[in-house]
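Chemist: sequence and predicted model, in that order:
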Amino acid sequence: MDSISFRKFVVPEMIFGNGSFALVDGYAKRFGLKRVLLVSDPGVTEAGWTEGVIGCLGKSGIEAELFNAVSSNPKDREVMAGADCYRAAACDGIVAVGGGSPIDCAKGIGIVCSNGGHILDFEGIDRVPLPMPPLICIPTTAGTAADISQFAIISATQEQRKVAIVSKALVPDLALIDPLTTTTMDRSLTACTGIDALVHAIEAYVSTGGSPLTDLHALEAIRLVSRHLPKVLAQPDNLEQREAMMLASTHAGMAFSNGSLGAVHAMAHSLGGLLDSPHGDCNAQLLEHVVAFNYPACPQRCRRIAEAMGIDLVEMTDGAVRAALTSAIHALRARAGIVGSLADRGVTREMIPRLAANAMQDPCMVTNPRQPSRGEIEAIYVAAL
Ligand SMILES: NC(=O)c1ccc[n+]([C@@H]2O[C@H](COP(=O)([O-])OP(=O)(O)OC[C@H]3O[C@@H](n4cnc5c(N)ncnc54)[C@H](O)[C@@H]3O)[C@@H](O)[C@H]2O)c1
Ligand SMILES: [Fe+2]
């Protein structure tokens with residue numbers, strides 16, 4: 001049998017539903033935890049979610065050592081400081097509450113605590129030998145799905161680039177996916193994280209690492225984001241819309257964690273490393289341009305994506321589908337309020353060779369459906385300027 005016919009699909013135990021974060025103490029107890037490192041960030045703490053989780057843990061007598069010093073695009077030094085904190089407090093497990101940044105930082109802390117060394121030593125695919133301590137994740141954004149994924153993205157501050165660590169060892173033990181926690185997101189965060197979920201789904205669907213197991217989740221996520229992102233932005237307090245976006249993020253997560261990503265993420269990581277700008281915003285700037293580039297390599301798959309976005313394709317030629325798809329993506333992000341271009345974010349032509357060089361090294365580039373040259377990646381950045 002050809003080895004390509006083997007497909008692996010890894011997900012953690014997941015509990016999805018409003019109020020599910022309150023199950024944290026019962027699960028932590030079942031894992032035998034007595035003192036956990038609680039990884040969060042100041043924004044999530046201000047929104048009240050960190051205290052909420054500490055309160056739940058306290059009900060079962062589980063102590064929480066708070067590590068809150070995490071910034072967006074979490075930094076290597078924050079991971080190392082968190083690992084010091086874990087050791088100093090003699091913790092026996094980790095609970096992460098927040099968006100992708102605290103969750104990725106928590107994964108980094110777990111890797112370093114089990115394996116020793118520096119977090120950047122683990123860059124790349126399958127380079128984490130020992131499993132992390134028990135990790136429970138409570139996501140508070142509907143976008144990254146870091147709570148279920150095999151990925152952690154950490155900023156290497158000296159080099160100003162984002163490093164991808166990809167390993168089955170990074171899949172958390174439990175994800176308590178509670179849409180209620182996303183009700184405190186502001187409009188811009190809702191938009192950026194929602195577009196991130198769309199990009200995960202589209203990239204996984206055209207990835208060379210995809211499979212029928214991931215396709216199903218990718219298409220469902222594309223449908224959900226296209227339908228519900230405009231609605232959740234119009235009605236931010238509507239729990240059904242929040243729930244639909246969290247479900248979209250989770251479906252997209254199952255797809256990309258197992259099918260991997262592509263050029264949008266490779267290029268967005270490079271941008272985020274240099275500019276320290278929001279991940280979803282970087283993705284949003286690039287998606288339509290990368291889809292236009294990838295189109296010739298996967299026209300049938302692009303048709304399915306367009307259909308899932310609600311575009312009527314009757315009698316459309318390939319060229320017309322390509323134009324309709326890229327303009328629908330552009331319209332969705334404009335409707336979400338993500339306007340302007342890379343130049344408005346401070347990107348200059350002089351930065352592009354370096355951005356392209358870093359993007360070419362990113363593991364997400366490996367599974368892009370069309371292998372680009374460095375010059376082609378530079379041209380995509382220029383198109384997005
Ligand atoms: N590991 C993965 O699989 C994966 C996938 C995609 C992206 N990422 C990474 O995730 C990071 C981005 O994560 P993100 O987009 O979730 O944002 P984030 O975690 O960086 O948070 C952004 C801001 O939103 C605030 N915030 C988060 N949840 C909130 C809530 N419910 N209410 C109010 N404020 C809230 C935070 O305090 C922070 O100030 C990037 O570093 C990106 O590279 C990781
Ligand atoms: Fe992402």
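Modeler: Yep, it's here. Ligands and ions are numbered 1, 2, ... in the order given.
Chemist: where does pLDDT dip in the protein?
Modeler: 1-4 (pLDDT under 70).
Chemist: how about the longest helix along it, does it reach ligand 1?
Modeler: In the chain, taking DSSP state H as the definition, the longest helix is helix 212-234. No. Against ligand 1, helix 212-234 shows no contacts by CB under 6 Å from any ligand atom, the least distance being 12.9 Å. Any C-beta I mention is one placed from the backbone N, CA and C, and that applies to glycine too.
Chemist: list the residues that contact residue 36.
Modeler: Residues near residue 36 by CB atoms under 8 Å, 6 or more residues apart in numbering: 28, 57, 62-65, 91-95, 136.
Chemist: run the chain-centre distance for the helix or strand containing residue 252.
Modeler: Per DSSP states H and E: residue 252 is located in helix 239-259. For helix 239-259, the separation from the chain centroid amounts to 11 Å (computed by CA atoms, centre = their mean, to the nearest Å).
Chemist: now do it against helix 212-234, angle only.
Modeler: 150 degrees (axes from the mean of the first three to the mean of the last three CA atoms, to 10 degrees).
Chemist: so which elements touch helix 239-259?
Modeler: Under the contact criterion of 3 or more CB pairs under 8 Å, 6 or more residues apart in numbering; DSSP states H and E, helix 239-259 touches strand 13-16, helix 187-206, helix 212-234.
Chemist: okay, those, which one's buried deepest?
Modeler: Sort these by mean neighbour count, taking mean count of other CB atoms under 10 Å, and helix 187-206 sits at the top with a mean of 27.
Chemist: which strands and helices sit next to it?
Modeler: Short answer (3+ CB pairs under 8 Å, 6+ apart): helix 187-206 packs on helix 212-234, helix 239-259, helix 263-275, helix 279-294, helix 299-308, helix 318-335.
Chemist: list of residues touching the longest one?
Modeler: For helix 212-234, contacts defined as CB under 8 Å, 6+ apart pick out 7, 9, 187, 190-191, 194-195, 197-198, 200-202, 204-205, 207, 210, 238, 241-242, 244-245, 247-249, 251-252, 254-256, 258-259, 304-305, 308-310, 332, 335-337.
Chemist: what angle do the longest helix of the chain and helix 299-308 make?
Modeler: Using the same axes, to 10 degrees: helix 212-234 against helix 299-308 is 40 degrees.
Chemist: from the chain's centre, how far out does helix 212-234 sit?
Modeler: On CA atoms, centre = their mean, the centre of helix 212-234 falls 15 Å from the chain's centre.
Chemist: just want the angle from it to helix 187-206.
Modeler: Using the same axes, to 10 degrees: helix 212-234 against helix 187-206 is 160 degrees.
Chemist: on the three-state scheme, the residue located most distally from the centre of the chain is what?
Modeler: Within the chain, residue 315 marks the point farthest from the mean C-alpha position, 35.6 Å out by CA atoms, centre = their mean. Here residue 315 is recorded as coil under DSSP: H, G, I helix; E, B strand; the rest coil.
Chemist: and residue 84, what element?
Modeler: helix 76-88.
Chemist: packing partners of that helix?
Modeler: Counting contacts by 3+ CB pairs under 8 Å, 6+ apart, helix 76-88 is packed against strand 35-39, strand 63-67, helix 100-115, strand 151-156.
Chemist: ramachandran coordinates for residue 145?
Modeler: phi 60, psi 30 (degrees, to the nearest 10).
Chemist: that one: what's it in contact with?
Modeler: Residues near residue 145 by CB under 8 Å, 6+ apart: 139, 197, 200, 249-250, 252-254, 256-257.
Chemist: same thing but 7 Å
Modeler: 200, 249-250, 252-253 (CB atoms under 7 Å, 6 or more residues apart in numbering).
Chemist: what separation do you get for it and residue 60?
Modeler: Between residue 145 and residue 60 the computed distance is 27 Å (CB to CB, to the nearest Å).
Chemist: would you mark the buried spots in whatever helix or strand residue 53 lives in?
Modeler: Using DSSP H and E, residue 53 maps to helix 49-59. Residues 49-50, 52-54, 56-57 are the ones in helix 49-59 that count as buried (16 or more other CB atoms under 10 Å).
Chemist: likewise for stretch 325-338?
Modeler: Within stretch 325-338, the residues scored as buried using 16+ other CB under 10 Å are 325-326, 328-329, 332-333, 336, 338.
Chemist: tabulate those residues (CSV), appending distance to residue 43.
Modeler: Below are those laid out as CSV (distance: CB to CB, whole Å):
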residue, distance to residue 43
325, 34
326, 33
328, 31
329, 28
332, 25
333, 23
336, 20
338, 19
